[in-house]
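Enquirer: prediction below, plus the sequence it came from.
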Amino acid sequence: MPAHSHTVTLSTLTYGGDALGRLDDGRAVFVPFGLPGEIVHIRLVQEKPAFARGELVEVVQPAAQRIRPRCKHFGICGGCQYQHMPYEMQLAAKTEILRDQLQRIGKIQNPPIEPAVASEVPWNYRNQVQFHLTDRGEVGYVSASTVPGTRRGVLAIDECHLPEANINALWPELQFEPGSGIERVSIRAGTNDDMLLALESTSEELPDLELEADISVAHVFGGKSVTMAGSDHVTMRVLERDFRVSAASFFQINTGVAEKMVQSILTRLPDSPRTVMDAYCGVGLFSAFLAPRCEQLIGIESSPPACEDFAVNLDEFDNVELYEDLVERALPALKIEPDVVLVDPPRAGLELEARKVLGGMKPRTLFYVSCDPSTLARDAAQLIEAGYRLTAVTAFDLFPQTY
């Protein structure tokens, strides 16, 4: 064993995909691609007084649950962290990480966590995928790196087992000239084999394009998009309802689990709510199912393309209002008293001003759709302090094979 490497026994999985172990001096060390119970050789890539980060050199004693990853890029590509564990173990790990974050960050003892909701398809589930480009113009993903703050390279890929089949049929055909100015490339698959290719750059200048496939293409820059071929949107279908989703708009990437999220919210919706507020409402995924069940629905969204999609997707309802603004700015100005509030903030969670206003709003029910358990725990603690009572927490596995 090289002199600079260490032998470590790993104990638990942490949020972010790493396994936790202890160095001889007692410091915590975080190791990607390890499993609890394993004895591993690691090389330290970052050292701090209280913790360190390691790179997995060799698995000396593998865990009984360890399985062969499906993808040849696993461990080098930064896209997946969990391909080396069975799917049931992934669900259990995510549930325990959620519990740990709520207890440790939120100081919530015995959080009421319900069984995790699995993805019926743990592979080829993504209706959208985003690629970076190598210096040679090849499509790829940001490579795995254990050194925070360093510039990560882009790994050109030959295979990926997360996108839906029609996306996987298209991306290997993409070719870009070096120095094209394109920063990222995304492909979204809608219903009826609709495909939308979005070319993201920082310049308004349209990239050169030669197109043989019958797909739509948009150039996205500064949150705006220009249609270069076909349509400026695709149609996504959730629970037999169609949604227009433009190139620059967000939509849940796992359609099957998105349906289960909607159904869960509708099951828990109080009877006959008068006013429902949907903050960070996006293109209206939740609003479209909540609007028929209330007297008034108020949506808040800051993205102009998402607001345009929302207006189309909820055009049939007369009881819907939409405010195009930041949630933290709109909430204090609206001065409303909704019966039900749904928030679906980005990873950073609720802004402080939004937390303050929600703390004093006191709806009967608050649904918090979170994509980050640590910011959820922080926000939940403040909402409980303001008088809310946490009644249920459910993990929906939208991203199998990843943390």
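Expert: Looks like it arrived, so ask away.
Enquirer: longest single helix anywhere in the chain?
Expert: The residue-count maximum for a helix in the chain (DSSP state H) belongs to helix 87-104.
Enquirer: avg pLDDT for stretch 307-316?
Expert: For stretch 307-316, mean pLDDT is 98.
Enquirer: for stretch 11-24, same thing?
Expert: Stretch 11-24 comes out with an average pLDDT of 94.
Enquirer: same deal with stretch 330-344?
Expert: Average pLDDT, stretch 330-344: 94.
Enquirer: Ala118 reaches Tyr87, doesn't it?
Expert: Yes. If you go by C-beta atoms under 8 Å, Ala118 and Tyr87 touch, sitting 7.3 Å apart. C-beta: built from backbone N, CA, C; applies to glycine.
Enquirer: partners of the very next helix or strand once past the longest helix of the chain in the sheet?
Expert: Sequence order places strand 128-133 as the next helix or strand after helix 87-104, per DSSP states H and E. Neighbouring strands of strand 128-133 in its sheet, by DSSP bridges, are strand 139-142 (antiparallel), strand 182-189 (antiparallel).
Enquirer: now strand 128-133 - C-alpha only, PDB.
Expert: What follows is strand 128-133 as a C-alpha-only set of coordinates in PDB (Å, rounded to 0.1, in the frame of the first residue of the first chain):
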ATOM      1  CA  GLN A 128     -34.600  15.300 -20.100                       C
ATOM      2  CA  VAL A 129     -30.800  15.100 -20.000                       C
ATOM      3  CA  GLN A 130     -28.200  17.800 -20.000                       C
ATOM      4  CA  PHE A 131     -24.700  17.300 -21.500                       C
ATOM      5  CA  HIS A 132     -21.600  19.400 -21.300                       C
ATOM      6  CA  LEU A 133     -19.100  19.500 -24.200                       C
END
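Enquirer: distance to Val59 and mean neighbour count added to the strands paired with strand 128-133, as CSV?
Expert: What follows is the strands paired with strand 128-133, written out as CSV (distance: least, C-beta to C-beta, whole Å; neighbours: other C-beta atoms under 10 Å):
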stretch, distance to Val59, mean neighbour count
strand 139-142, 23, 20
strand 182-189, 34, 20
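Enquirer: and those strands as CSV, adding distance to Lys224?
Expert: Output for those, formatted as CSV (distance: least, C-beta to C-beta, whole Å):
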stretch, distance to Lys224
strand 139-142, 23
strand 182-189, 15
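Enquirer: just put the ones you listed in JSON lines and tack on mean pLDDT and distance to Met277.
Expert: Formatted as JSON lines, the strands paired with strand 128-133 follow (pLDDT from 0 to 100; distance: least, C-beta to C-beta, whole Å):
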{"stretch": "strand 139-142", "mean pLDDT": "92", "distance to Met277": "36"}
{"stretch": "strand 182-189", "mean pLDDT": "93", "distance to Met277": "28"}
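Enquirer: could you pull out the helices for this structure?
Expert: Under the criterion DSSP H, the chain contains helices at 87-104, 165-170, 255-268, 287-290, 304-313, 327-334, 352-361, 373-385.
Enquirer: so what touches the helix or strand of the chain with the lowest mean pLDDT?
Expert: In the chain, no helix or strand scores lower on mean pLDDT, DSSP states H and E than strand 224-229, which sits at a mean of 86. By C-beta atoms under 8 Å, 6 or more residues apart in numbering, the residues outside strand 224-229 that reach it are 198-199, 206, 209, 211, 215-219, 232, 246-248, 304-305.
Enquirer: most tightly packed of the helices of the chain?
Expert: Stretch with highest mean neighbour count among the helices of the chain: helix 287-290 (a mean of 22; mean count of other C-beta atoms under 10 Å).
Enquirer: output the contacting helices and strands for that one.
Expert: strand 241-246, helix 255-268, strand 275-279, strand 296-301, helix 304-313 (3 or more C-beta pairs under 8 Å, 6 or more residues apart in numbering; DSSP states H and E).
Enquirer: helices or strands next to the strand ranked longest in the chain in the packing?
Expert: In the chain, with assignment by DSSP state E, the single longest strand is strand 51-61. With contacts taken as 3+ C-beta pairs under 8 Å, 6+ apart, strand 51-61 sits against strand 5-13, strand 28-32, strand 39-47.
Enquirer: quick one on the thing from earlier: same list (the helices of the chain) but as JSON lines, adding distance to Glu183.
Expert: JSON lines is the format used below for the helices of the chain (distance: least, C-beta to C-beta, whole Å):
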{"stretch": "helix 87-104", "distance to Glu183": "31"}
{"stretch": "helix 165-170", "distance to Glu183": "19"}
{"stretch": "helix 255-268", "distance to Glu183": "26"}
{"stretch": "helix 287-290", "distance to Glu183": "31"}
{"stretch": "helix 304-313", "distance to Glu183": "18"}
{"stretch": "helix 327-334", "distance to Glu183": "27"}
{"stretch": "helix 352-361", "distance to Glu183": "30"}
{"stretch": "helix 373-385", "distance to Glu183": "26"}
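Enquirer: out of the ones you listed, which is closest to Tyr125?
Expert: Of all the helices of the chain, the one in closest proximity to Tyr125, counting by C-beta to C-beta, is helix 255-268 (7.0 Å).
Enquirer: before we move on, the earlier item: quick one: closest of the helices of the chain to Asn127.
Expert: Evaluated over those, closeness to Asn127 peaks at helix 255-268, with 5.5 Å, by C-beta to C-beta.
Enquirer: just want the angle from that closest one to strand 241-246.
Expert: Interaxial angle, helix 255-268 versus strand 241-246 (axes from the mean of the first three to the mean of the last three C-alpha atoms, to 10 degrees): 120 degrees.
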